[in-house]
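A.B. asks: can't give you the sequence, but here's the structure:
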């Protein structure tokens, strides 16, 4: 639909909102993006500080399974804009991507800023207006948009369509603070309470252990809770554990906390070695070595891992029992780290409030996309892929809706 005079308001300048603005402005629509922060894409830029993991190259069915219960609702958006389409979109912006050894997809420059700059340049060329420091506070009686701005309260005339893409509730200092819930609650839009995801766990370390090993990594371990096990790494923090292995289990840990109160996280400190051979190594004479030195020399455990064996309870000196402890070290989880430090958040606008076009069922002409919807995903490219895919899916639905120049009522 080219050359239309339709005006679309997009609230939120993250990946979902910006790709929607790109698509809609390319169709000739007048687009205004509103963001409460001084500049757009702040959380996106933070995600790229360690190398921007855009998506993943694994097969589609495996990829989709990462979204767990949200898979059926996300499937259509994913299939319409799969990882190869995201890579092609980046290439069209002049950003070359590559597949890393883990299957993850990164921009060749390993940064978010070149991609964001290229996208903003194209939006400017397509006359997309971006208004920063405008915080959306709700709707007026005739569909107007209400904002708090540095100049005070402002009213924006009712557009032909609205896309809400304000993010979840993690990293509030970057703009993703969940404050939009006041506006959606006021009009009765159903949502699930926010919860931290892809976040650390709290474990009540002894003061000595925390002081000595804070910031030390645990490498090449396996972590389990319930019947779910992942391999990865973790970082010891003053208050618990963080890192990729922990993040991958955060939905399972969250559910276990809800049902069990204080679940046990189990660590296998030598997943590459079975208990029998491990016990045989431990049974060798240790001579004048202390038990700690014997453990390090016979099993290859790092000092932090050796100390963990004592931290989890009295350390056995029987070879078989000690091997069993190394293979299944129990750590009692006190809770999850807070939303302010979580990479992402679970919860948000409920799927029951959204139709298949990402439009609110009780608010025709208002669409939602990205992390403000109640879906959850691990790190590894799955978060950004779904944000981009749902943003584009909503944009296509908006395009179809305003083709008849309908106005929000």
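C.D. replies: On my side now, so go ahead. In this text, all values refer to a predicted model and were calculated from it rather than measured experimentally.
A.B. asks: domain ranges for the protein?
C.D. replies: What automatic domain parsing lists as the domains of the chain is 7-196+342-402, 201-336.
A.B. asks: so which of those domains is the most packed in?
C.D. replies: Most buried of those by mean neighbour count (mean count of other C-beta atoms under 10 Å) is domain 7-196+342-402; its value is a mean of 20. The C-beta positions use only the backbone N, C-alpha and C, and glycine is treated the same way.
A.B. asks: which residues of the stretch 251-400 of the chain fall in strands?
C.D. replies: When secondary structure is read from DSSP state E, counting those that start in this stretch, the stretch 251-400 of the chain shows strands at 264-268, 329-332, 335-336, 344-349, 366-368.
A.B. asks: which residues outside the fourth one are in contact with it?
C.D. replies: Contacting residues not belonging to strand 344-349 are listed as 168-170, 176, 178, 184, 189-198, 251, 254, 339, 360, 368, 371-377, 383 [C-beta atoms under 8 Å, 6 or more residues apart in numbering].
A.B. asks: for this structure, name the helix or strand with the lowest mean pLDDT.
C.D. replies: Ranking every helix and strand in the chain by mean pLDDT, DSSP states H and E puts helix 291-299 at the bottom, with a mean of 84.
A.B. asks: what stretches of this protein score poorly on pLDDT?
C.D. replies: Low-confidence segments of the chain, defined by pLDDT under 70: 1-4, 404-409.
A.B. asks: where do the helices sit along it?
C.D. replies: Using DSSP state H, the helices of the chain run over 15-26, 42-47, 60-65, 71-80, 83-92, 113-125, 181-186, 207-213, 244-260, 275-282, 291-299, 303-311, 319-327, 382-402.
A.B. asks: turn the ones you listed into CSV, including distance to residue 350.
C.D. replies: Output for the helices of the chain, formatted as CSV (distance: least, C-beta to C-beta, whole Å):
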stretch, distance to residue 350
helix 15-26, 17
helix 42-47, 23
helix 60-65, 20
helix 71-80, 11
helix 83-92, 26
helix 113-125, 30
helix 181-186, 10
helix 207-213, 39
helix 244-260, 17
helix 275-282, 45
helix 291-299, 49
helix 303-311, 40
helix 319-327, 41
helix 382-402, 15
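A.B. asks: any idea how far residue 208 lies from residue 214?
C.D. replies: 11 Å (C-beta to C-beta, to the nearest Å).
A.B. asks: if you could redo that for residue 266, that was the one I meant.
C.D. replies: Using C-beta to C-beta, we find residue 266 at a distance of 22 Å from residue 214.
A.B. asks: repeat that for residue 374.
C.D. replies: The gap separating residue 374 from residue 214 is 34 Å, by C-beta to C-beta.
A.B. asks: then residue 229?
C.D. replies: Residue 229 sits at a distance of 26 Å from residue 214 (criterion: C-beta to C-beta).
A.B. asks: then residue 396?
C.D. replies: According to C-beta to C-beta, residue 396 stands 48 Å off from residue 214.
A.B. asks: what does residue 201 give?
C.D. replies: Distance of residue 201 to residue 214, computed by C-beta to C-beta: 15 Å.
A.B. asks: among the strands of the stretch 251-400 of the chain, which comes closest to residue 125?
C.D. replies: strand 366-368 (24.3 Å; C-beta to C-beta).
A.B. asks: packing partners of that closest one?
C.D. replies: Packing partners of strand 366-368 (3 or more C-beta pairs under 8 Å, 6 or more residues apart in numbering; DSSP states H and E): strand 161-164, helix 382-402.
A.B. asks: now tabulate these in CSV and tack on distance to residue 323.
C.D. replies: Below are these laid out as CSV (distance: least, C-beta to C-beta, whole Å):
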stretch, distance to residue 323
strand 161-164, 54
helix 382-402, 36
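A.B. asks: wait, which of these is closest to residue 16?
C.D. replies: Closest of those to residue 16 is helix 382-402, at 3.3 Å (criterion: C-beta to C-beta).
A.B. asks: angle of the closest one against strand 344-349?
C.D. replies: Going by axes from the mean of the first three to the mean of the last three C-alpha atoms, to 10 degrees, helix 382-402 is angled at 30 degrees with respect to strand 344-349.
A.B. asks: run through the neighbouring helices and strands of helix 382-402.
C.D. replies: helix 15-26, strand 55-56, helix 71-80, helix 83-92, strand 161-164, strand 366-368.
A.B. asks: between that helix and helix 83-92, how many degrees?
C.D. replies: 80 degrees.
A.B. asks: now find how far off-centre helix 382-402 is within its chain.
C.D. replies: Here helix 382-402 is found 17 Å from its chain centre; the criterion is C-alpha atoms, centre = their mean, to the nearest Å.
A.B. asks: over to stretch 24-43?
C.D. replies: Taking C-alpha atoms, centre = their mean, one finds stretch 24-43 lying 21 Å from the centre of the chain it belongs to.
A.B. asks: could you tell me the end-to-end distance of it?
C.D. replies: Across stretch 24-43, the terminal residues are separated by 23 Å (C-alpha to C-alpha, to the nearest Å).
A.B. asks: how close does residue 80 get to residue 392?
C.D. replies: 7 Å.
A.B. asks: tell me the contacts of residue 382?
C.D. replies: By C-beta under 8 Å, 6+ apart, the residues touching residue 382 are 55, 56, 63, 66, 67.
A.B. asks: mind putting those in a markdown table, distance to residue 237 included?
C.D. replies: Formatted as a markdown table, the contacts of residue 382 follow (distance: C-beta to C-beta, whole Å):
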| residue | distance to residue 237 |
| --- | --- |
| 55 | 29 |
| 56 | 27 |
| 63 | 30 |
| 66 | 25 |
| 67 | 28 |
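A.B. asks: looking at those residues, which is nearest residue 324?
C.D. replies: Taking C-beta to C-beta as the measure, residue 66 is the one of the contacts of residue 382 closest to residue 324, at 32.1 Å.
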